[in-house]
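output the structure for:
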Amino acid sequence: MRVKPFLTLFLLLTPGLSAQDVVRLGNLKFAHYGAVSYMKELAPKYRLRIEERVFPKGIDINPAIVAGEIDASAAALDAAIAGRAAGVPIFVVAGFARGGARIVVGAGSGIKSLKELKGRKVGVARGGAQEVLLLAELAKAGLTWSDKPGKDVLVLYLPFADLNQTLMARNIDAMCQSEPYSSQAINKKFGLELLKPYDTPIGEPIRALVITEKLYRERRDVAQRFLLCFVEATKKFIDEPKTAEKFVREVMFKNQITAEDYQDAIGNSPFSYDITVAHVQITTDLMAQYGVGKMANPPRAADWVKLDLLAEAKKQLKVEGLGPAAKAAPAKKAKKG
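Residues are numbered from 1 along each chain as shown. You can find the predicted model right below:
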């Protein structure tokens with residue numbers, strides 16, 4: 001029993017054995033979420049232990065944050081905005097990927113343009129970037145939509161995991177789907193790309209890395225180390241594409257996606273660091289316009305986008321420039337769904 005005080009002193013004085021701060025991370029299983037998942041591999045370097053929990057959809061993470069079970073999360077910006085509007089105490093602190101969506105039509109459907117979706121069934125997951133991108137494209141094409149019959153397009157809300165099977169079974173005519181699932185549909189020949197939906201005011205959607213207000217305000221040193229870990233993980237994936245592919249294909253997807261699926265997916269959803277207040281505001285405005293997230297009080301981006309930790313992390317790690325940013329055009333009024 002007498003050895004315990006000496007063991008305690010040894011642990012306190014030995015470099016690398018100091019206590020690790022725990023950050024509970026909510027994440028999703030998509031190819032472009034790989035760098036965020038990889039953070040747990042680098043976490044000990046920053047005296048962190050990242051406990052990752054994978055959720056079915058981004059909006060599913062919000063209740064876990066409210067319950068005090070999650071400190072940080074990676075999700076579609078739409079889910080973060082809807083959560084903030086509902087009172088979830090989060091700040092956007094970085095962007096981790098851009099793009100990542102395609103509108104895919106069924107092989108043999110004969111659909112060649114958005115206007116030809118009139119009278120068709122289109123599947124999409126509710127509450128993600130894909131939903132607002134789909135609705136923005138339908139509005140641009142002059143089409144109306146609803147999840148009930150009576151409009152130009154019947155929108156079916158399905159989980160990401162079910163969309164491909166539903167398109168393959170021809171129970172929907174098209175889908176707005178995330179990566180790598182949209183690339184899988186194309187490579188397996190039951191889907192054809194109609195377009196990448198990036199020509200609306202949103203431009204390329206940016207996925208958001210968020211942390212709780214409590215982590216930001218009360219454990220600021222931990223939050224800063226978390227952002228350092230994020231920037232290093234992202235830089236590694238950008239600089240070492242083979243490392244990124246190996247981790248995503250073998251660790252995240254257990255070899256369930258091919259090298260072609262991965263390359264096509266990341267080609268449409270490259271890793272990034274950055275997000276802007278303007279991009280968050282444009283996305284918020286279009287969500288409110290189309291009724292996505294059912295927000296009674298849409299949040300003002302300037303109030304909850306906090307990019308100081310990211311800027312400091314990039315400075316310390318000597319990451320140059322602002323990185324890829326959203327291509328956003330001025331918002332236009334569109335035909336209501």
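
what's in contact with the strand or helix carrying residue 40?
Using DSSP states H and E, residue 40 falls within helix 34-42. Here helix 34-42 makes contact (Cβ atoms under 8 Å, 6 or more residues apart in numbering) with 25, 27, 49-52, 74, 96-97, 209, 226, 229-230, 232-234, 236-237, 244, 247-248, 251-252, 271. For the C-beta atoms, the positions are set from N, CA and C on the backbone; glycine is no exception.

residue boundaries of the helices in the stretch 51-200 of the chain?
61-66, 77-85, 129-140, 160-168, 181-187 (DSSP state H, counting those that start in this stretch).

okay, now the unreliable bits of the stretch 1-150 of the chain?
1-18 (pLDDT under 70).

80 instead, please
The model of the stretch 1-150 of the chain has pLDDT under 80 over residues 1-18, 57-58, 127-129.

sorry, back to before: among the helices of the stretch 51-200 of the chain, which comes closest to residue 293?
helix 77-85 (3.3 Å; Cβ to Cβ).

quick one: the helix or strand encompassing residue 25 to helix 34-42, angle?
For residue 25, the host element (DSSP H and E) is strand 21-27. Comparing the axes of strand 21-27 and helix 34-42 via axes from the mean of the first three to the mean of the last three Cα atoms, to 10 degrees yields an angle of 160 degrees.

who's in contact with strand 21-27?
Applying Cβ under 8 Å, 6+ apart, the set of residues contacting strand 21-27 is 33, 36-37, 39-40, 43, 47-55, 61, 64-65, 69-75, 215, 219, 222, 225-226.

give me every residue that touches residue 33.
27, 74, 96, 97, 207, 252.

may I ask which of those residues has the most neighbours?
residue 207 (31 neighbours; other Cβ atoms under 10 Å).

ok, the helix or strand harbouring that residue: who's next to it in the sheet?
Assigned by DSSP H and E, residue 207 belongs to strand 206-212. Here strand 206-212 has these sheet partners by DSSP bridges: strand 72-76 (antiparallel), strand 90-98 (antiparallel).

for the last one, the distance to its chain's centre please.
It refers to strand 90-98. Relative to the chain's own centre, strand 90-98 is displaced by 8 Å; criterion: Cα atoms, centre = their mean, to the nearest Å.

what's the answer for the shortest one, then?
Computed by Cα atoms, centre = their mean, the separation of strand 72-76 from the middle of its chain amounts to 6 Å.

between that strand and helix 77-85, how many degrees?
If you take the same axes, to 10 degrees, strand 72-76 sits at 120 degrees to helix 77-85.

what's next to strand 72-76, contact-wise?
23-28, 33, 36, 58-59, 61, 65, 80, 90, 96, 127-130, 205, 207-212, 215, 226.

would you reformat the helices of the stretch 51-200 of the chain as CSV and include distance to residue 146 and mean neighbour count?
Formatted as CSV, those follow (distance: least, Cβ to Cβ, whole Å; neighbours: other Cβ atoms under 10 Å):
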stretch, distance to residue 146, mean neighbour count
helix 61-66, 25, 21
helix 77-85, 19, 26
helix 129-140, 11, 25
helix 160-168, 18, 18
helix 181-187, 24, 23
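
so which of these gets nearest residue 267?
The nearest among those, by Cβ to Cβ, is helix 181-187 at 8.5 Å.

name the helices or strands packed onto the closest one?
Other elements packing on helix 181-187 under the criterion 3 or more Cβ pairs under 8 Å, 6 or more residues apart in numbering; DSSP states H and E are strand 101-106, helix 160-168, strand 174-178, strand 191-195, helix 259-267.
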